[in-house]
Structures are given as C-alpha cells and as structure tokens.
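Student: quick one, what's the 3D model for this:
(2 chains)
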Amino acid sequence: MLSLLIFLPLAGAVLLALLPRERQAAIRWAGLAASLATLLVAARLFQIFNPASGDMQFVAHATWVPTLGIGYAVGVDGISLVLVGLTAVIFPLALLGSWGSITERLKAFTMSMLGLETAILGTFLSLDLILFYVFWEAVLIPMAFLIGLWGSENRRYAALKFFLYTMAASVLMLVAIIALHVIAIDGLGERTFDLARLATLSLPPEVQGWLFAAFALAFAVKVPIWPLHTWLPDAHTEAPTAGSVILAAILLKLGTYGFIRFGPTLFPDALLAAAPLLAALAIIGILYGALVSWAQTDLKRLVAFSSVSHLGFVMLGLAALNVQGFQGGLIQMINHGISTGALFLIVGVLYERTHSRLIADYGGVAARMPRFAAVFTVVMLSSAALPGTNGFVGEFLILLGAFRTSAWWAALGAGGVILSVVYLLWAYQQVMHGPLVAKHPDRLVDLTRRELAVFAAIIVMIFAVGLYPRVLLDRSEATVNAVLARLQRPAATAVTVSPR
Amino acid sequence: MVWPLLGWLTNGLIGRRLSRALAGELACVTVAASFVSALGVLLAVRPAGATDAAVSIVIPLFRWLGAGDLWIDASLIIDALSLVMALVVSGVGFLIHVYSLGYMADDPDLPRYFAYLNLFMFAMLLLVLAGNLLVLFIGWELVGVCSYLLIGYWFARPAAATAGRKAFIVNRIGDAAFLLGLFLLFTQLRTLDILQIRDGAPHLPEGVRTLAALLLFAGATGKSAQLPLHVWLPDAMEGPTPVSALIHAATMVTAGVFLIARLDRLFLTAPVALFVVGIVGALTAFFAATVALRQYDLKRVLAYSTISQLGYMFVAMGALAPVAGIFHLVTQAFFKALLFLAAGSVMHAMHDVIDMRRLGGLARPLRWTAGGFLIGVLAIAGVPPFAGFFSKDLILEEAFALGLSTGNFLPYALALVTAFVTALYMTRAAMLTFSGRPAEAAAHPHEAPPSMLVPMTALAALSVGGGLLGARVAGEPLVEFLAPLIGVKAGEGAVVHPPAGLLVGISIAVALAGIVAGIAVHRGRRDPALGAIAAFLERRWYIDDLYDAVIVAPGRALARWLAGPVDLGIIDGAVNAVGRVLAAVGRAARRLQTGYARQYALGVLVGTLIIVGYWMLR
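Tutor: From the prediction side, this is the model:
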C-alpha cells in the first residue's frame, strides 16, 4: 500500500513521458490525474489507519543491498500519516494553481512535480536510514530544477544556493548515518540501517551529541532554523508559484519531521540536552522572522520570512518536549502548509495578472477583486492564528506546551502572536486597501472559477482543522506519546506504550 | 425536560447567526430572532431559577480539541449573567441593525456590511454564552476581527484602513496576555471550563490568582480600551456610525467588564489584582473624560466618553461590586448607543460633517435627534431619573464603601471628579452641535428617516426608564437577578454601609454642577482658550505620540535594520562568503590535480602520517 502510494506519482511521470510535448492540455490533466490518484490512496490510508496504535503500520520490508544491510523498509505512523496527507492534498492544488502560468517546457515541469511528490512521500515513509537519505537528497533535484528552469530573473543563483546549502548540510548526516551503522556492527552484531534496530542501540551521551549535531544540522537548514535561513527567501522568491507552494507547504516540513522522527528515537539524551538551545533559536526565529517580514518590499519575500517565523513556532513546540508541544508542532506543520501555501498562491494570482511582486506596485486591489479580497482575508487570518481557524489550534497548543516547560518561552513566543498581525495586516492594507494602485488596473480581474475552486478547498481545510482538529490530533496522539516515552526511559529498553 | 429545550433554543440562536443574511432585512430578522430566543430562554429559566437563582445551565456541544491531559469542550452557559448580556447584545443589536437600514441605505456594498454585522452578532453572543474560556476566547478574538473589518469598512480611505489595523494590533497585545493567563490557569487547574475555574480559583495560591487575574485583565484593557491600551478606540470612529454605536460603545468594548464578572471568584479573591483594576479604571475614567473636554470630532468625544464610562465599570469591579458594574454596562449600552445614533443622524443630515466647529444650530431642523441627544446627555451625566444616574450612583456608593473598608478612596475621588467632568464635556458637545447658529450656512440639514428615528426613540425610552432595572425604588430587579450568581462576598464579615442619602445627594449635585458649568462656559458655542492645558488635552495627553515615538517608530527601524544590514549583510553575507571561499579552494585544488601519480602518492603519505600522528599523540 505504502509503496503504491510512494511510486504512484513517479509512475504518472513515466507515463507522461510518453505523451507528445505539444499536447499541453493532456499533459496538464494527466499530471493532475496522477496527483489526484495519489490523494485517493492517501485518503484510503487515512481511513484504515488505526489511531489507537503508536507503532508503525503497513510496514513493508525488502532487502536491497544485503551485504551492507541496506533494506527497503517503509511504514507509517501517526506522525508521518498527517504529513503524507498534507503532501497528497497540496500537490493537486499546486498543479491547479499554476495551471495557466507554466507554458514553456510544461511536460518537464509536470514530470518534475510528480517526481518531487514521490521523493517527498518516500522521505516521510522510509524506515531505513539509507533509503531515507536517498529520498531526502532526491528531493533536491526536481526542486532545484523547478527553481532554476521556471523561476524568475535571479533563478540560477537561487537554485544553486538552495542546492549547495542543503546538500552541504546533509552530507554530514550521511556521515552520521554511516557512523551509526558502524557502531551497530559492534553493538548489535549485525549490519543494518534499519531505524527500529538502530533505535535499540544504547549510545553514550557524547556520541549521541555528535551524531545528533550532524543530523540536526541537516534538518536545521531545511526547517530553516535561524540563522540558517537565508537560502529560503531567495529560493521562495525566485521559484515559480507551484515551486514556492511546495517548498513552503511541504519541503520545510522534511526538516521538522526529521527532528521528530530521529531525535527522540536515536538520540534522546542529546535531544533533552539540546532542547533549550533549540527553543532559544526557535524564539529568535519567531520574532526575527516576523520583524524582517515587516520590512520587506517584495510580497514573496515577506511570505518567505513569515515562514521562518511560523516554523519557529513548530520548533518551539517540539523543543517543549511534551504532548501539547509536539501535537501543536505537528498540527502547525500542517497549518503552515495550508496557510502559507495559500499565501503563495495568492501572490501568484497577483503576479499572474500584473507581473509584479512588489508591494508598492499595488493598492486598493480589494475594490477590483472582491472575491479575491475575501479569500485573502480568510487566509491572512488563518496565518495570523485567529481562533476558529487552523492556525490557532497549532499556536495555542505550542504555546501551552512551551508554557508548561518554561513560562518565559511562552511569553516570548506570544510576542510572535502580536507581530504576526503587525506584518500581515500591514501587507494586506498596502496591497488591498486605499486608493487603487496597479501597473495594469484592467488586468486585475477577479478570481476565475478554477482559482476559486482551489481556494475554496483551502478555506474548507482552514475551518475544518480550526473547528475540528481532532481529525488530525486523534490520529497522531498515540504516536506522539510513544515517541515522547522514549525521552523518559533508558534508550535501550524497548518502548511499549498502551494506547489511550 | 427543560434542558433539551434550552439547548435547542440556544443552538437556534447561534445557528441563525451562522447563516449570514445577505440583505439588511434578513439581517434584522435574524437578530430579532436571537433576541426573542434569549427572551424565551429567560422566561423558561426564571421559574427554574426561582428556587436557586445561582444556577448555571451548561449545554455541551462537542469536544473541540484534545492533546494529552488537555480537553476542550465547546459548551455554552445559560445563567443570569449570560442571559442579561445576551439580551442587551441582541436587543441593542437589533435596534442598530434597523437603524443601519436607513443610515447605510445609499451604500453600494450593503450585503458585505450586514454580513460583517451579523458575524459580529454571532461572535458576541458566542463570547457571552461561552462555557469554556477558550471558546470565550474565540468569540473574543472574532469580535475583534469584525471590529477590524467594520472599522475598515470604507477601506478605500487610508485613515479607515489604518484605524482598523491599529485596533486589531492593540487588541492583539492584550490578547497575548490573555493567552498567557489561560495557560497559567490551565497549568494550575487542568481545565479551562468556566464553572470549574470559578470553583477552583479560590483554592489556588494567592500569587497564582493575582498573576492570572492580572494577565486576563491585561486582555480586558485591550478589548475595553482602558489605559494603556485605549488608543485604538478613538481611531475606530472611522467606521460607519452604527458600528461605533454597536461595537465600540454598547457591546464589544464591554467584553472586558463581562470577563471579570464571569470569572468573579478568581478576581474577587485576588485583592492585589482588584486594586489594580480599580485604579486603572478610575485613572482611565478621569483621563478619558478630560480628553473629551477638548475634542472637536463629535464621535471622538463620544469615544472618549465610552472609555471613561468603561473605566467606571472597572471601578465597580475593583470595588468588589460586579453587579453594579454590569448594571452600568447595561444602562451605558442604552444611552451611549442613543448618543451615537444621534451623532449618526447629525452626520446623515450634514453630509458626513462631524467636526463640531462646523456644526451648530441643529436643534431646530433636527428636533427629534436633538431631543434624543439631550436625553442621552442627561442620562450619562447622571441626572435622576435617567438611567445613568442609578447605575453611576451605585458605583460611586460602592467605591465609597471600598474606601471605608480599605482606606483606598482614590477610585471614589477620581470617579466623583470624573462625574463632574462628564457632565461638563457632554454639555459642551450638545451646545456646540445643537445650540446657537449654524456655523456653515450652506448646509440644509434634514431629519432622519423613520428607520433611524424609531430605534433612537426606543433607546431614548430605555435611557429614561432603564435605570428602574436597578433602582432601589423599583426593587432593584436586575441586582436581585444577578446578585446570587456573581459577586458573592464570601466571608467578608460585616459589610460597611455608606451613608447612602448623602452620597446620592453629592452625586446629583456634582452632575447638575457640571451641566450648569457647561452651559455657562459654552454659551453661544464658545470654547474658551485654555492655552497649554488645551493643547495637552487636544493631543490626548500625548499618549498616542509617545507610543509612536517609543514603540512604533523604533520597531519599524528595528525591522528595517534586521532585514537590511543584519539579514542580507551579516547572515547571508557570511553564507555567501563561505561559498566564495569554497569556490576559491576549488580553483586552487584544481591546480593540485597535476596528473602525476607520485605527487598523489606523496599526498596520501603525508595525510596518513598526519592522521596516525594525531591518533598517537592524542
């Protein structure tokens, strides 16, 4: 089931290769169909997943390189489940959102997108470290293509920076993976990269520290944790709309997912020791990202820095190391995917019409595009974590979790709650309110039916998660408890957690 | 048997709000329906409440979210307090919806207006009926959003858009503190259910109670525009006038007062926090009243008077008399809405002119409006038998009693001075607007249509008779209704009774003195020059300027500095520098690739030696 899910988009991409390049409509529809089929499989998985269990489910094993103990191992638990769901939902929306804007090399574009989906799903579902690493790095290739080929003016620089920065940070993770493997030869008497096996190792704290640092660096760049974030605004700004959406909505989550997946499992002592540092960086990121957003002149850069702030919230929740913080962080990952993805689509709508991302080039748009104004308002409020929308559930749980670990963390984090309104409302007012300003006022036509459909889906998700977050929370709670339990007992003992 | 009925009624109350009406009439009907529902609930509860008036009926809706030991149930509470609030909100709300039909008749974007207004009604009812603090917080923030949307309703005007944004941001500052208060309460009590907090709060350590109460009060200062977070409310007058009447006078801004009454047992057992509440309320009441003396925008005068009146309510809370505070909340909703609607009628007649220096002589052409405004003035000034007299007098008495029992007479003194100033500035506003000759001859004012006059008449009647709700001569029905539920002064011992007759006399005298002084000073629409004091008041004690200079401008500069020199310069600069260094190393390394095997062998040998040496020397 999981393998089907992972490779379905890739299969779609292969089929696409057979289509002639000129038949653009067919290529678009085929790409959308492949992503929708993936969504169907993911929905089915969501449905039959057993929320009461904190263990891996639907595990599939196959040997790959037996001499080295590398295996093909996939499985899903409550944490990866919701992220897989997010991925499957965002891809069709991103494809629909860039329906008309990509005309050059459309076939290659669609194939890149589908390849990217496979790589991301693989990363979330891998249970073997080498397999994980392969998918992890495989994500970079189509993403760099998306930025470098279909981006705007400065795309080469941004693509190269993105590629080198994240690649360089991940190489150390590979070293750490191999080190774990070598330690396991002695410790367990077998050659393995299997996560579950490696988790039974009992590592001395200083070894944990070094290995965790190597993993953490790779993840921190991806999240991105302040001050390793500067690749992000460039990549976001230069990428095409669909690229920005995927980058913000899903790619950044690979980093936070890495922390959740490997931190407590492999390096519990190191994670406990590093938590205050992570929280401090997270809080800096929250405040810094929000303030810097406020000073941007380019809408896309503004949204990009808001990501730094939002992902800071996620990291703060994770660093709290308790149920509310973890659950909040997890749901905030989903929320950020929905809301920031939507914000990039919104910038894309404007860009498609007047080819400008500069805030100063807009004003009074609300009068010309009332439906767009309503959508923008809802998305903005969701991003600002208004109660009733998805964003609030995440921020509330995160700050509550942080409060229980340290009241000061929550107090400082709450500063981000204020600042998020400052920069979001400021940007909204500049663009939407006041007298009409636009380079081509006549091109500011309201949302088309296709765009409306995309945003309608997003708004439904915003309120669904906001009003009934248990759809997600109930599925991940058992897993989160199991993961957290590893932090409370000696790393060597097997973890058994009775479902709530 | 009664419970499911109540649940159904209340759900209907909210459900109707959700199906947002697109036309004004439909909007009015839905609000009227909520009012009738609330009334029905009241009638259904009263028999049950007769045996135990302190009963609170909880209606669970669904389990909203859970994580670990946190479970939030969305639920509603029906009790005396929430019913009084629901009646005021839906009643005044209905009148203002009807008024809007006339006032906004020419607006091209009417459905959007009524959609926002209806959403506000929903959010406000959710706030007052919420059974869980987090659900209350949803309503709390949602009314803030509606306020933002409605202040900035005419978004093409930069001033309106900016005012809406300012309101939202200032409110958010208070809300952040509110959230921290929630966290503290939850960490201590493991629940956010309002009734459980009420029961559990008195058993908390005193420090925790004080801190939690202060954090929640910080939220209240944002929503209820108290010092130091009052700055958004005067700017909020950029919104349509019915909105100012409904949201920024009668309902939303009173949410902070309601919050304290709702969590009375937390606040009443935290004396330090109560002391702060009382002082802040008194200072705000005084501050805002003085500023109102010297504003020229009629609506801003009313806005500052709202801030001042809200200050009175907090004085009542600080004086351990939440019932008096709620009583004043109710009467203030009547007469302040009336004043705003009258001001709106003036704007309607004068083509949106609201600067009092350009008005004048409107008593004759706008007979009804002027009459309504006059009733409002008498009510707010506290002249018997108008509504404001009874509630304000009760607060003054309670503040005096607080002084007797704790020696803290400051709230009473400030409140008394404020009563004089209130009468003074309201008289000034009335004189400048309605008396004398028109300042601009060109205007041809016309009286408002019936859809505007009828709600004003209803509110005028309430401003005259509403005081009977709490008047001693009428048996204090409202006080009797609320007292068993909130503000139970447990274990207080002997209650000090102030000399009521004397205090009543003083407050009447003060009110009349203010009016007489106002007439004397402002006769013939004069506004005496007061030099430096006038400038000080006109600039609103320079508080807005101070915030701009100390918070907003440095914040903006900090943001620019971080985005420019720090982010692009230092952090990204370092990254790019690393990139350049690596590229240079790469170029250098390329020269090493000479292709001679012996050189490579040498390199390997040297490297090995270094590594081995390192291991041996370690």
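Student: how much space between whichever residue of the stretch 351-500 of chain B sits closest to chain A and residue B:359?
Tutor: Here the stretch 351-500 of chain B gets closest to chain A at one residue, residue B:352, 18.1 Å apart by C-beta to the nearest C-beta. C-beta: built from backbone N, CA, C; applies to glycine. Taking C-beta to C-beta, to the nearest Å as the measure, residue B:352 and residue B:359 are separated by 12 Å.
Student: more crowded one of these two?
Tutor: Just comparing residue B:352 and residue B:359: by other C-beta atoms under 10 Å in any protein chain shown the higher neighbour count belongs to residue B:359, 26 against 9.
Student: which SSE is the closest residue to the more buried one other than its chain neighbours in?
Tutor: Closest residue to residue B:359 apart from its sequence neighbours, by C-beta to C-beta, 6 or more residues apart in numbering or on different chains: residue B:433 at 4.8 Å. Applying DSSP states H and E as the criterion places residue B:433 in helix B:410-434.
Student: how about the strands in chain A?
Tutor: Along chain A, counting by DSSP state E, strands occupy A:57-65, A:70-76.
Student: that older thread, mind listing what's buried in the helix holding residue B:433?
Tutor: Using 16 or more other C-beta atoms under 10 Å in any protein chain shown as the test for burial, helix B:410-434 gives B:410-412, B:414-434.
Student: who's in contact with the residue in the stretch 401-550 of chain B positioned nearest to chain A?
Tutor: Nearest to chain A, among the residues of the stretch 401-550 of chain B, is residue B:547, at 13.4 Å (C-beta to the nearest C-beta). Going by C-beta atoms under 8 Å, 6 or more residues apart in numbering or on different chains, residue B:547 touches residue B:231.
Student: just the pLDDT at it, thanks.
Tutor: At residue B:547, the pLDDT value in this model is 78.
Student: ok, now residue B:483?
Tutor: So, for residue B:483, pLDDT stands at 66.
Student: can you tell me how far the nearest residue to residue A:63 once chain neighbours are set aside is from residue B:285?
Tutor: Spatial nearest neighbour of residue A:63, chain neighbours left out: residue A:71 (5.5 Å); criterion: C-beta to C-beta, 6+ apart. Using C-beta to C-beta, residue A:71 is found at 74 Å from residue B:285.
Student: if you count surrounding residues, which of the two has more?
Tutor: Counted by other C-beta under 10 Å, residue A:71 and residue B:285 do not tie: residue B:285 has more neighbours, with 31 against 21.
Student: would you say the more buried one is within a helix?
Tutor: Yes: checked against DSSP: H, G, I helix; E, B strand; the rest coil, residue B:285 lies within a helix.
Student: so it touches residue B:413, yeah?
Tutor: No: with contact defined as C-beta atoms under 8 Å, residue B:285 does not reach residue B:413; the gap is 11.3 Å.
Student: identify each buried residue in the longest helix anywhere in chain B, please.
Tutor: Using DSSP state H to define each element, chain B has its longest helix at helix B:158-189. Within helix B:158-189, the residues that qualify as buried by neighbour count (16+ other C-beta under 10 Å) are B:158, B:160-186, B:188-189.
Student: quick one: the closest residue to residue A:317 other than its chain neighbours from residue A:110, how far?
Tutor: Excluding its sequence neighbours, the residue lying closest to residue A:317 (C-beta to C-beta, 6+ apart) is residue A:329, at 3.1 Å. To residue A:110, residue A:329 is 33 Å away according to C-beta to C-beta.
Student: ok so, going back, export the strands of chain A to JSON lines and tack on mean pLDDT?
Tutor: Putting these into JSON lines (pLDDT from 0 to 100) gives the following:
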{"stretch": "strand A:57-65", "mean pLDDT": "83"}
{"stretch": "strand A:70-76", "mean pLDDT": "85"}
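Student: deepest of those strands, which one?
Tutor: Ranked by mean neighbour count under mean count of other C-beta atoms under 10 Å in any protein chain shown, those are led by strand A:70-76, which reaches a mean of 22.
Student: quick one: that strand to strand A:57-65, angle?
Tutor: Strand A:70-76 and strand A:57-65 are oriented at 170 degrees to each other (axes from the mean of the first three to the mean of the last three C-alpha atoms, to 10 degrees).
Student: packing partners of strand A:70-76?
Tutor: helix A:2-18, strand A:57-65, helix A:106-125, helix A:129-150 (3 or more C-beta pairs under 8 Å, 6 or more residues apart in numbering or on different chains; DSSP states H and E).
Student: and among those, the most buried is which?
Tutor: Comparing the helices and strands packed on strand A:70-76 by mean count of other C-beta under 10 Å gives helix A:106-125 as most buried, with a mean of 25.
Student: list the contacts for the most centrally placed residue in chain B?
Tutor: Centroid check for chain B by C-alpha atoms, centre = their mean gives residue B:253 as the closest residue, at 2.3 Å. Counting by C-beta under 8 Å, 6+ apart, residue B:253 touches B:223, B:224, B:225, B:233, B:247, B:306, B:310.
Student: what's the burial count for whichever residue of the stretch 251-400 of chain A sits closest to chain B?
Tutor: Of all residues in the stretch 251-400 of chain A, residue A:323 sits closest to chain B, at 3.1 Å by C-beta to the nearest C-beta. Neighbours of residue A:323 under the rule other C-beta under 10 Å: 22.
Student: where does residue B:444 land in three-state SS?
Tutor: coil.
Student: what about it, how many neighbours?
Tutor: Counted with other C-beta under 10 Å, residue B:444 comes out at 10.
Student: report pLDDT for it.
Tutor: In the predicted model, residue B:444 carries a pLDDT score of 71.
Student: now do residue A:398
Tutor: So, for residue A:398, pLDDT stands at 91.
Student: who touches it in this structure?
Tutor: Residue A:398 sits next to A:313, A:314, A:316, A:317, A:320, A:324, A:325, A:328, A:329, A:332, A:413 when contact means C-beta under 8 Å, 6+ apart.
Student: mind putting those into CSV with distance to residue B:96?
Tutor: Shown next, in CSV, are the contacts of residue A:398 (distance: C-beta to C-beta, whole Å):
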residue, distance to residue B:96
A:313, 39
A:314, 43
A:316, 42
A:317, 42
A:320, 45
A:324, 41
A:325, 44
A:328, 39
A:329, 43
A:332, 39
A:413, 38
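Student: sorry, back to before: just checking, the residue nearest to residue A:317 touches residue A:322?
Tutor: No: with contact defined as C-beta under 8 Å, residue A:329 does not count as touching residue A:322 (10.6 Å).
Student: more neighbours, these two?
Tutor: Taking neighbours as other C-beta under 10 Å, residue A:329 and residue A:322 compare with residue A:329 leading, 28 against 20.
Student: what's the local residue count around the closest residue to residue A:350 other than its chain neighbours?
Tutor: Spatial nearest neighbour of residue A:350, excluding adjacent residues (C-beta to C-beta, 6+ apart): residue A:362 at 6.8 Å. The number of residues packed near residue A:362 is 22, by other C-beta under 10 Å.
Student: alongside chain B, which residues does the stretch 401-500 of chain A contribute?
Tutor: Residues of the stretch 401-500 of chain A lying close to chain B by C-beta under 8 Å from any C-beta of the partner chain are A:403-404, A:407, A:410-411, A:414-415, A:417-418, A:421-422, A:425-426, A:429, A:432-435, A:467-470, A:473-474, A:477, A:481.
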